[in-house]
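Q: Got a predicted structure plus its sequence, pasted below:
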Amino acid sequence: MATETEAAGAAEHAAGAAGHAAQSVGMPQLDISTFPNQIFWLLVTLVVIWLIVSRVIIPRIGGILDDRAGRIAADIAAAEALKEKAVEAEKAYTAALAEARSQAAAIVAKAREEIRADLDKATAMADAEIAARTAESEKRIAEIRASAMASVTEVATETTVAILGALGVSADAKGVAAAVAARIRG
Amino acid sequence: MELVAATALGKYIGAGLACTGMGGAAVGVGHVVGNFILGALRNPSAAAGQTATMFIGIAFAEALGIFSFLVALLLMFAV
Amino acid sequence: MAEGTEAEGLVFHPMDQFVVKPLFGGDTIAWHTPTNVTLWMAVAVVCVILLFVVGTGRRAVVPGRVQSVAELGYSFIRKMVEDVAGHDGLKYFPYVLTLFLFIVFSNFLGLIPGAFTTTSHIAVTAVMALLVFVSVTVIGFVKNGAGFLSLFWISAAPLPLRPVLALIEIISYFVRPVSHSIRLAGNMMAGHAVIKVFAAFAPLILFSSLGFLVTPLAILAIVAMYALEMLVCFIQAYVFSILTCVYLRDALHPHH
């Protein structure tokens, strides 16, 4: 304030000394005859700019910035939700995979079990059959052997009887058979 | 006549002398900024928050130089 | 010899650019006369409208270039107000933004060759500084009542020192509008006057052989000063608004 009044006084002084020449020679800033004009237009300008600022700029740019901040927040939230979803989907996928794997393992085990059972059954059946056939074969062999033995004894007896007959000896059939049997056994 | 000449002489000498005050303002501003940078290099994390303070300091230091400039102008044009 | 031609040929009128002239002829400047002050303030208003109203007309969520600049300026000042004056200072953000926009556009428009710098006039800056001073004082007393006076009574200092400090604080408080206004006007005036002085040296090449040395130097100096002025224009607008915020903070929270 002090310097302003001082300056105004100085300007008046200069204006008084040099008349209107002060405007062209001195500092135009100190020419107080222009002050009302400048102050008036300054106030007009400030009011106009203030109206623009408060009516347009602040609502608009504030709105734009808020809008952007809101949208960014919403986008981040949406991304978060999507990420959550993706994690969940992955979890579900993993779970399904694990279940499928265990199911597959179970199926494999079951199949193996079944196959083994079948195989065992077949093996058992085959074994039984083989055993039966073997037994039968053995029986037949024994039969054949027995019948062959019987035939041999009979043939030997008959042959002996015939030989004895040819030799002119009448032999007792019972005695011959006993002798043959003893011979065969012995 | 001599008085007028003496006044003119005094005006110009005074204006020239007043301009030396600007050197002081230059030293002051340099001091402020230099110390700010020294501090900022030691603690860079705190520097960003203090830039406004630095500008306020510069403004105060510079205002005094502007006063001396104003005195010079007043002597030259208004006295 | 060179000096003689210099005195004849070179014209030094560094202050002529600040003369307030009626826009449509005539000699008298009444309070309502449209002058070059009116013209350049109107241009500043038009620039504000172009940048902030037309530039943001699309309200794009992804901003274009002009809208980015507008948003940048808006958030820059808003953040400054919030940082310096505190959260309750945001109520006064429109006023600070108004001052900042007016000063920054006036400063930069003044850099156009031939333009008139409205902020280089004490009358203009003093009115703005007084507006800030008066409103800050009123806000201080309305918000804090007599407690606002504790701004001058520094309770952290030893008791015998306090009256002295109070005197100093009161003086510095009343010097605020002076330094606040003269800083801006002086910076603008000084820079433009210096450019004008260098510009007066530039045509020396037309009159003297010394000009072959001086003219390029003068033109280089003009370019350098112009670059510096670009910086100063912004910094002074910033400083004016940040000091407004500092005063606001003192008014809202006077207790140190």
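A: Looks like it arrived, so ask away. Just so you know, these numbers come straight off a predicted model, no measurement behind them.
Q: Any chance of the backbone angles for the residue of chain A most remote from its centre?
A: Relative to the centre of chain A, the most outlying C-alpha is that of residue A:168, 105.7 Å out, by Cα atoms, centre = their mean. Note on residue A:168: its backbone torsions stand at phi 90, psi 10 [degrees, to the nearest 10].
Q: Any part of the helix or strand where residue C:194 lies near chain A?
A: Taking DSSP states H and E as the criterion, residue C:194 maps to helix C:162-201. Yes. Residues of helix C:162-201 contacting chain A under Cβ under 8 Å from any Cβ of the partner chain: C:174, C:177-178, C:181-182, C:185, C:189. Yep, even glycine has a C-beta here, placed from its N, CA and C like the rest.
Q: how about low-confidence regions in the stretch 1-150 of chain C?
A: Where the stretch 1-150 of chain C drops to pLDDT under 70, the residues are C:1-9.
Q: Around chain B, pick out the residues from it.
A: So far as Cβ under 8 Å from any Cβ goes, the stretch 1-150 of chain C lies against chain B at C:15, C:80, C:83-84.
Q: The residue nearest to the spatial centre of chain B and residue C:191, how far apart?
A: When Cα atoms, centre = their mean is applied to chain B, the residue found nearest the centroid is residue B:65 (2.0 Å). Counting by Cβ to Cβ, to the nearest Å, the gap from residue B:65 to residue C:191 is 13 Å.
Q: For chain A, tell me which of the residues of the stretch 1-150 of chain C next to chain B show up nearby.
A: residue C:15.
Q: so where is chain B shaky, pLDDT-wise?
A: In chain B, no residues with pLDDT under 70.
Q: From the contact counts, what lies against the helix ranked longest in chain B?
A: Longest helix in chain B, counting residues (DSSP state H): helix B:2-42. If contacts are counted by 3 or more Cβ pairs under 8 Å, 6 or more residues apart in numbering or on different chains; DSSP states H and E, helix B:2-42 sits against helix B:44-47, helix B:51-73.
Q: pLDDT at the closest residue to chain B within chain C, what is it?
A: Among the residues of chain C, residue C:186 lies closest to chain B, at 3.6 Å counting by Cβ to the nearest Cβ. Per-residue confidence for residue C:186 comes out at a pLDDT of 89.
Q: what's near enough to touch it?
A: Residue C:186 makes contacts with B:66-67, B:69-70, as judged by Cβ atoms under 8 Å, 6 or more residues apart in numbering or on different chains.
Q: What about chain C: which of those residues touch it?
A: B:66-67, B:69-70.
Q: Can you list the low-confidence ranges for chain A?
A: A:1-25, A:186.
Q: Do you have the helices of it handy? List them.
A: According to DSSP H, the helices that chain A contains are A:2-18, A:22-25, A:35-52, A:58-166, A:173-185.
Q: Of all those helices, which one is nearest chain B?
A: helix A:2-18 (4.6 Å).
Q: Surely residue A:37 and residue C:20 touch.
A: Yes. Between residue A:37 and residue C:20 there is a contact at 6.7 Å, judged by Cβ atoms under 8 Å.
Q: shared neighbours of the two, anything?
A: C:29, C:35, C:37.
Q: now that we have those, which one has the most neighbours?
A: Of all those, residue C:37 has the most neighbours under the rule other Cβ atoms under 10 Å in any protein chain shown, reaching 26 neighbours.
Q: Now it: which helix or strand?
A: Going by DSSP H and E, residue C:37 is in helix C:36-48.
Q: Report the inter-axis angle for that helix versus helix A:35-52.
A: Using axes from the mean of the first three to the mean of the last three Cα atoms, to 10 degrees, one finds that helix C:36-48 and helix A:35-52 are set 10 degrees apart in direction.
Q: by contact count, what packs against the following helix or strand past helix C:36-48?
A: Following helix C:36-48 in sequence order, the next helix or strand is helix C:65-85 (DSSP H and E). Judged by 3+ Cβ pairs under 8 Å, 6+ apart, helix C:65-85 is in contact with helix A:58-166, helix B:51-73, helix C:93-110, helix C:211-252.
Q: can those go into a markdown table with extra columns for distance to residue B:16?
A: As requested, those are exported to a markdown table (distance: least, Cβ to Cβ, whole Å):
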| stretch | distance to residue B:16 |
| --- | --- |
| helix A:58-166 | 49 |
| helix B:51-73 | 8 |
| helix C:93-110 | 27 |
| helix C:211-252 | 20 |
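Q: To residue C:163, which of those helices lies closest?
A: helix C:211-252 (20.0 Å; Cβ to Cβ).
Q: any bit of the closest one sitting next to chain B?
A: Yes. Using Cβ under 8 Å from any Cβ, helix C:211-252 reaches chain B at C:235, C:238-239, C:242-243, C:246.
Q: circling back to that earlier point, closest to residue B:1 among the contacts of residue C:186?
A: The closest of the contacts of residue C:186, once distances to residue B:1 are taken by Cβ to Cβ, is residue B:70, at 29.9 Å.
Q: Return only those of the shared contacts of residue A:37 and residue C:20 found close to chain A.
A: Among those, proximity to chain A is found for C:29, C:35, C:37 (Cβ under 8 Å from any Cβ).
Q: coming back round to it: okay if I get the residues of helix C:211-252 next to chain B as a markdown table plus pLDDT and neighbour count?
A: Formatted as a markdown table, these follow (pLDDT from 0 to 100; neighbours: other Cβ atoms under 10 Å in any protein chain shown):
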| residue | pLDDT | neighbour count |
| --- | --- | --- |
| C:235 | 90 | 17 |
| C:238 | 92 | 19 |
| C:239 | 92 | 24 |
| C:242 | 92 | 24 |
| C:243 | 92 | 23 |
| C:246 | 91 | 18 |
